[in-house]
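# coords please:
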Amino acid sequence: MRFPTRRALTVLEPGPSTTVQDQGRPGWAHLGVPRSGALDARSAGLANRLVGNHPAAALLETTFGGVSLRAEAAMSIAVTGAEAAVLVAGRERAFGAPVTVRAGETLTVGPARWGVRSYVAVAGGVDVSPVLGSRSTDTLSGVGPAPLAAGDVLPVGDPVGRPAAVDLTTGHRPRSPVCLRVHPGPRADWFADPGALLGPAYTVSVHSNRVGLRLQGPLLERGAAGAELPSEGIVLGAVQVPASGQPVVFLHDHPTTGGYPVLAVVAPDDLDRCAQLRPGDLVRFLAC
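Purely as a prediction, here's the structure:
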């Protein structure tokens, strides 16, 4: 990903997994393309607002370990989401506020102190080429730019607005267990006790990613033993229960179809919480 431009960020250390994200590419599920986009939409929107960007501007989503970038021109940046140290030329700067990085200086976002994903917005937005109307990286199908690698040069657009005042607090470490509100799913009647999902605490699995939040806890038993479900459409936030009986909450890079029954669907306003849940965190489901 090398693009000759004066306004650019050079990737020095990409961290465990850093991707370009925006508001995603909804409307392509009928062709098998997930929506993708920033998992913590509130934090991504705040980061863009702080540097004067349009809400749909592309930015960087880090995972656990942060990222290190060199600014090839002076620019404003802001880091939100999972709290982390923000260093410019080795000196700590504000988290959750617009910060100026001069040409040639290094911006380092440290490991997440809590949560999972931090968002790095730059004035003008990350200006990689859009695919199907979005600059988001889709980790399931590979649509969009590849995850960042050392040496990548990311073009940056021209600023469209001035950095904003800080009038909203950034996220705080959620209390455990985190509660997710759910609506009944289209296949709730496939389960011996559809209400068994509600109440008990589930533990976030180490196998969780942008595709789905995988949970471990009480088994959810089907009532129609041995029945098979034809593959059908899957929506964002669907709580699917595979043969293991352990629920999976589908996130932004989820497959567009699936053959396991969907017991419930997480309320859209609660999906941002899923983005910041770490392995070992506890989750409870509540009826909307």
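# State the pLDDT value of the residue positioned nearest the centre of the chain.
Closest to where the C-alpha atoms of the chain average out (CA atoms, centre = their mean) is residue 39, at 2.3 Å. Per-residue confidence at residue 39 stands at 97 (pLDDT).
# is it fair to say it lies in a helix?
No: read with DSSP: H, G, I helix; E, B strand; the rest coil, residue 39 is coil and lies in no helix.
# I'd say residue 148 and residue 60 touch.
Yes: contact status for residue 148 versus residue 60: in contact at 7.4 Å, counting by CB atoms under 8 Å. For the C-beta atoms, the positions are set from N, CA and C on the backbone; glycine is no exception.
# circling back: and the residue nearest to the residue nearest to the centre of the chain when sequence neighbours are not counted, what does it touch?
Closest residue to residue 39 apart from its sequence neighbours, by CB to CB, 6 or more residues apart in numbering: residue 275 at 3.5 Å. With contact taken as CB atoms under 8 Å, 6 or more residues apart in numbering, residue 275 is in contact with 38, 39, 40, 43, 81, 115, 116, 117, 251.
# go with 10 Å
Residue 275 sits next to 38-44, 61, 63, 81-82, 115-117, 119, 171, 210, 213, 251-252 when contact means CB atoms under 10 Å, 6 or more residues apart in numbering.
# for residue 208, same thing?
Residue 208 sits next to 116, 214, 215, 248, 249, 251, 274, 277, 278, 279, 281 when contact means CB under 10 Å, 6+ apart.
# Let's see which of the contacts of residue 275 end up in helices.
Among these, the members found in helices (DSSP state H) are 41, 42, 43, 44.
# ok, back up a step: let me see the confidence value for the residue nearest to residue 39.
96.
# And it, how far from residue 212?
12 Å (CB to CB, to the nearest Å).
# Could you name every residue contacting both of those two?
Here residue 275 and residue 212 have 251, 252 as joint contacts, going by CB under 10 Å, 6+ apart.
# where exactly do the helices run in the chain?
Along the chain, counting by DSSP H, helices occupy 41-50, 271-275.
# sorry, back to before: TSV for the contacts of residue 208, including neighbour count and distance to residue 240?
Formatted as TSV, the contacts of residue 208 follow (neighbours: other CB atoms under 10 Å; distance: CB to CB, whole Å):
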residue	neighbour count	distance to residue 240
116	23	21
214	20	10
215	22	11
248	23	5
249	28	8
251	24	12
274	23	14
277	22	17
278	14	21
279	13	19
281	22	20
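# how deep is residue 243 tucked in, by neighbour count?
Residue 243: 7 surrounding residues under other CB atoms under 10 Å.
# what do you get for residue 29?
Neighbourhood size, residue 29 [other CB under 10 Å]: 18.
# Does it touch residue 235 like I think?
Yes: Residue 29 is within contact range of residue 235, at 8.5 Å (criterion: CB atoms under 10 Å).
# quick one: common contacting residues for these two?
Residues touching both residue 29 and residue 235 by CB under 10 Å, 6+ apart: 35, 254, 256.
# what pLDDT does residue 230 get?
Residue 230 is given a pLDDT of 88.
# Report the contact partners of it.
Here residue 230 is in contact with 257, 259 (CB under 10 Å, 6+ apart).
# Then residue 175?
The neighbours of residue 175, taking CB under 10 Å, 6+ apart as the test, are residue 282.
# Quick check: chain neighbours aside, which residue is closest to residue 136?
The spatial neighbour of residue 136 that comes closest, neighbours along the chain excluded (CB to CB, 6+ apart), is residue 36 at 4.0 Å.
# burial count for the one you found?
Residues near residue 36, counting by other CB under 10 Å, number 32.
# Neighbours of the spatially closest residue to residue 267 that is not a sequence neighbour, how many?
Distances taken as CB to CB, 6+ apart put residue 181 closest to residue 267, at 4.2 Å, once the chain neighbours are dropped. Using other CB under 10 Å, residue 181 is surrounded by 15 other residues.
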